[in-house]
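Asker: this is a predicted model, with the sequence first.
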Amino acid sequence: MKVAIIGAGPAGIAASLTLTSKNVRLTILDEQHTIGGQIYRNLEKIDEKKFRSSGVDYANGKLLFKRVQKAIQKKLLTLISRATVWSLTKNKDVSWSIDGKSYCQKFDAVILATGAIERAMPLDGWTNPGVLTVGAAQILMKTTHYLPPASVLIGSGPLFYLVACQMLEQGEPPKALLETQSKMDIFKALFYLRPNLITISYLLRGLAMLAKLNLAGVRRIKSVTDVRIKSGNEKHIIQFVKGKKRRFIEAQSIFLHSGVHPNIQITQALGIKHDWNHHNQCWEPRTDKFGRTNLPNILIAGDGIKILGADSAEISGEIAALKLLADNGFSIDHSKIIKKNQQKYKYVQFRKFLDVLYAPKQWHRCPPNEVVICRCEEVTAGEVREAIKMGCLGPNQLKAFSRCGMGNCQGRYCGMTVINIFSEILGQTPEQTGYFRIRSPIKPVTLSELANFKKLT
C-alpha cells in the first residue's frame, strides 16, 4: 500500500510514525524546508537558547524529529520538502511543484494534515506596509530570530498571548496588547467550561502567560473596538474605541490576530461536505470520529478538521493512521483507537470554551465599505455590498461581478469575510450562503512548471 501524507506538522508526523511502525511505505509532502509545521518551524536549526525560549512544545518536537529521521534511514518514509501540492483527485492522484518542475503520483491512500490558517482581520489600514499577522511574527522569530521593536498586537486568542510571551522571551516585548474580547465574552464562555485534566492544564498555562505579561509591564487594553490604522514615515498611529472614547497609540509594527480556522482548500476542491462551526465562525470538513471522509481511503487529521491545537493534532494523526491500517486489513488494537478518541474528546470540550471566549467580532467580520477584503484583487467590502444590491446571489457569482476570490489565494483569506457579508445583508445562514467553488490548481502553478511535468510510478 502506497500512502501520501500532505503536511508535516504534528498530525502528519504522528500519522507517518504510526504507519511506518507497521512497515507501510509512505511519502510526506510539505511546503517548508523541514518538517514540523508552524509550531515546530525551523526545528533543525534552532540553537539551545532559542530552544528554551520557544517553550516546552519544542522538546516534544525534537523527539518527533528524531523518530522521523530513523524512518527515513530505514527507507520506509520519503520526505519531499518545499513541495507545493496544487492538486488532489478523488482517485488519489497527487500533483505538486518543486524547483520549477511538477510531478504527479497515484497513491492508494491519502491523509490530509494541512493544518490551519489565520483568519483575516480586515480593518482600515490592515493592508499597510508593516501590518502583519501574529503568525507572521512567530515565523520571524523562529526563522530569523528577529522582531521589530515597539510592536503592538491587536486581537485575541491563545496564539495571540503565546506570541506575546515569546516576544517577551526573545527580548522584544510588545509595546501594548489591544484585546478585542470583553467581560461579556468571558461570562458566555464559562457556560462551556468542563473541568478535566486537559482543561485545568490549559487554563493554568493561559493564566501563567497572562501573569508573565503583567509582571513584565506589558500594557493590556481590553474590550477595544473599531480599530483603524494610519501609516506613514515608517510608523503607525492606531485609533481605537475603548468604552465610549476614541484613543490613539503609536507603533513601529503591528500584528493582527482573530483566531485560526481549518485550511479547507483541498477538501473543498475534492467536493467533501463541510459544516459551519457557529462558535469558531468557519467551515469544517465533515468526517467521522476517525477522520474518514466520504471518499474511500482519503482521511483528514489535525487542525484541518477542527481547531484543537498541536497536542490534539498528534492524537488525531495517530487515530487516522490506525483506522486507515484497520480498513486495509492490518492487525490493529482497536481498544487503542477508542482510548485515543476519548483523549481527543477532552480537547473538543475545552475548545468550545475558547471559541466562545475569542469569537471574531462583528466590526471586523463585516467591515466598513472602504476596507479592502480581497487583497489579491483589491476588492472592498463596499464593492461586495454593491454587487449584492445589483442581484449577486452568492460567493461564486461574486467572481463575475468583482473578481473577488479569483486571485492567488483563491478565496483562502477573503472567503470567510465574503460569507459574513452575504449572510448579513441577505438575512441568511452561512450554510445557505455557501462557499467559493474551489478547483485545481489550488495553489499558483506556472506554465513552465506544467511544461516540466513528470508522472511518477
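Answerer: Nice, I can see it. Just so we're clear, the structure is a prediction, and the values are computed from it rather than from any experiment.
Asker: low-confidence ranges in the stretch 301-450 of the chain?
Answerer: Low-confidence segments of the stretch 301-450 of the chain (pLDDT under 70): none present.
Asker: helix or strand for Val110, which one?
Answerer: Using DSSP states H and E, Val110 sits within strand 109-112.
Asker: which secondary structure elements does that strand sit against?
Answerer: If you count contacts as 3 or more CB pairs under 8 Å, 6 or more residues apart in numbering; DSSP states H and E, strand 109-112 packs onto strand 2-6, strand 298-300, helix 310-327. (Each C-beta comes from the backbone N, C-alpha and C, glycine too.)
Asker: can the ones you listed go into CSV with extra columns for distance to Leu19?
Answerer: Below are the helices and strands packed on strand 109-112 laid out as CSV (distance: least, CB to CB, whole Å):
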stretch, distance to Leu19
strand 2-6, 6
strand 298-300, 11
helix 310-327, 5
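Asker: what comes into contact with the next helix or strand after the strand holding Val110?
Answerer: Going down the chain from strand 109-112, the next helix or strand is strand 116-118, by DSSP H and E. Here strand 116-118 makes contact (CB atoms under 8 Å, 6 or more residues apart in numbering) with 133-135, 257-263, 303-304, 307, 412-413.
Asker: what strands flank strand 116-118, and is each parallel or antiparallel?
Answerer: In its sheet, strand 116-118 lies beside strand 260-262 (antiparallel), with partners assigned from DSSP bridges.
Asker: which residues sit against the strand it pairs with?
Answerer: With CB under 8 Å, 6+ apart as the criterion, strand 260-262 contacts 115-119, 135, 157, 159, 280-285, 303-307, 416.
Asker: rerun at 7 Å
Answerer: For strand 260-262, contacts defined as CB atoms under 7 Å, 6 or more residues apart in numbering pick out 116-119, 159, 280, 282, 284-285, 303-307, 416.
Asker: in helices, which of the residues you listed appear?
Answerer: 159, 416 (DSSP state H).
Asker: right, and the helix or strand after the lengthiest helix in the chain?
Answerer: In the chain, assigned by DSSP H, the helix with the most residues is helix 334-357. Moving toward the C-terminus from helix 334-357, the next helix or strand (DSSP H and E) is helix 362-365.
Asker: and for Lys188, the neighbour number?
Answerer: Neighbours of Lys188 under the rule other CB atoms under 10 Å: 14.
Asker: quick one: pLDDT of it?
Answerer: pLDDT for Lys188: 93.
Asker: of the contacts of strand 260-262, which pair is most distant in space?
Answerer: Leu159 and Pro285 (21.5 Å; CB to CB).
Asker: now do Arg52, the pLDDT please.
Answerer: The model's pLDDT for Arg52 equals 56.
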